[in-house]
Each structure stands twice: as structure tokens, then as C-alpha cells.
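Undergrad: With the input below, show me the fold.
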Amino acid sequence: MSNTNIKKVRTSDLELKDRLVSIQRVTKVTKGGRTFSFSAIVVVGNENGIVGYGLGKAGEVTSAIAKGVEDAKKNLVKIPILNGTIPHKQEARYSGSHVMIRLAAPGTGIIAGGAMRAVLESVGIKNVLAKSKGSSNPHNLVKATVAALLELRDARSVSQVRGVSLDKVFNG
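TA: As a prediction, the model looks like this:
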């Protein structure tokens, strides 16, 4: 994945909504017995092209979610959206998870599973077809979905990179 098109976003004056993707109870075995804590992966977005994900770990569920939201707000990125869908088909991998997202016609809705659905809804995509292969680990699925979304390019960015006009991208 090339990091040339990643655009960091500031959290000030943004209406961010958070979605809990997964929460897991983790155990640490010590000499005195088992110690339980919680791990939460959270996705935040403004449903208008900005999304971020974060991981929080704490002794209580609410604290873990709060930490996840704070971490997600530090990692916000801008995603190109075109008429409620994505500009083109894209595939990405992260660890054992492999995701594929395709643009869809208006009225299709979000055809995606749990962790991918949370990311796509947070971005603000209304019509998309998505498929996940390999590992269904929610951490890896969220990271693979965000990686696929970061590789998307709209026509304006393509024309700037190539140094040609916008109509030449389509006609030439």
C-alpha cells in the first residue's frame, strides 16, 4: 500500500459518530489467578468521507470503548465518495483477511458483513458490494477495509498525478 494518497484530517468541527465493531474479554494468568480485561475495536466517521479506527484496552468495557474512540479520532483519513458509492473496484489484504469492494447502482445498499459494514457506513458509502475472504478476525477485517478505501482514487486526483486535464482522463 502506498502512503502517497493518505490525507490526515483534523478532528475539530467534525460531527463524528462512533460504532463498536467488536469487544473481547481477554485474560492474563498471573500467580494470583486470572485477571480479566477488555479489548474494543471502534470505528468513527462523519458519514461524509472521513473515517478512522482505533483499539482500546481497559479493565472495564466502557473505558475500553472510550479509549478506542480516542485512538480512532487520532487516525482519521479522507476517502473519495462518488454519488454515494466508490469510484472503482478495489481489493486489499491485511494479515489473513482479504477484502474486495465494488461500486453498486443506486438503491443497492451496503452488501457487506459485520466489521466491513461498520467501516463502510461510517465513511458514508450508501451503495456498495463487499466480500471478505480468509480470516474473519474483526481487527484484520477493519484494517483491510480501510486499506482498500485508502487505495481508492477519484478522477480529480488521477488528473493531478498524471498532469493532464480532467476531460483527458476520461477521453484519452
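
Undergrad: For the protein, which segments count as helices?
TA: Taking DSSP state H as the criterion, the chain carries its helices at 61-73, 114-123, 138-150, 155-162, 166-171.

Undergrad: Tabulate those (JSON lines), appending mean pLDDT and distance to His98.
TA: Where you see a C-beta, it was placed from the backbone N, CA and C, and this is true even at glycine. Formatted as JSON lines, those follow (pLDDT from 0 to 100; distance: least, CB to CB, whole Å):
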{"stretch": "helix 61-73", "mean pLDDT": "96", "distance to His98": "23"}
{"stretch": "helix 114-123", "mean pLDDT": "93", "distance to His98": "12"}
{"stretch": "helix 138-150", "mean pLDDT": "95", "distance to His98": "7"}
{"stretch": "helix 155-162", "mean pLDDT": "80", "distance to His98": "25"}
{"stretch": "helix 166-171", "mean pLDDT": "77", "distance to His98": "29"}
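
Undergrad: What ranges in the protein fall below the confidence cut-off?
TA: For the chain, the stretches flagged by pLDDT under 70 are 1-8, 10-13, 172.

Undergrad: show me the contacts for the residue nearest the centre of it.
TA: Nearest residue to the geometric centre of the chain (CA atoms, centre = their mean): Val146, 3.5 Å. Contacts here follow CB atoms under 8 Å, 6 or more residues apart in numbering; on that basis Val146 touches 51, 53, 77, 119.
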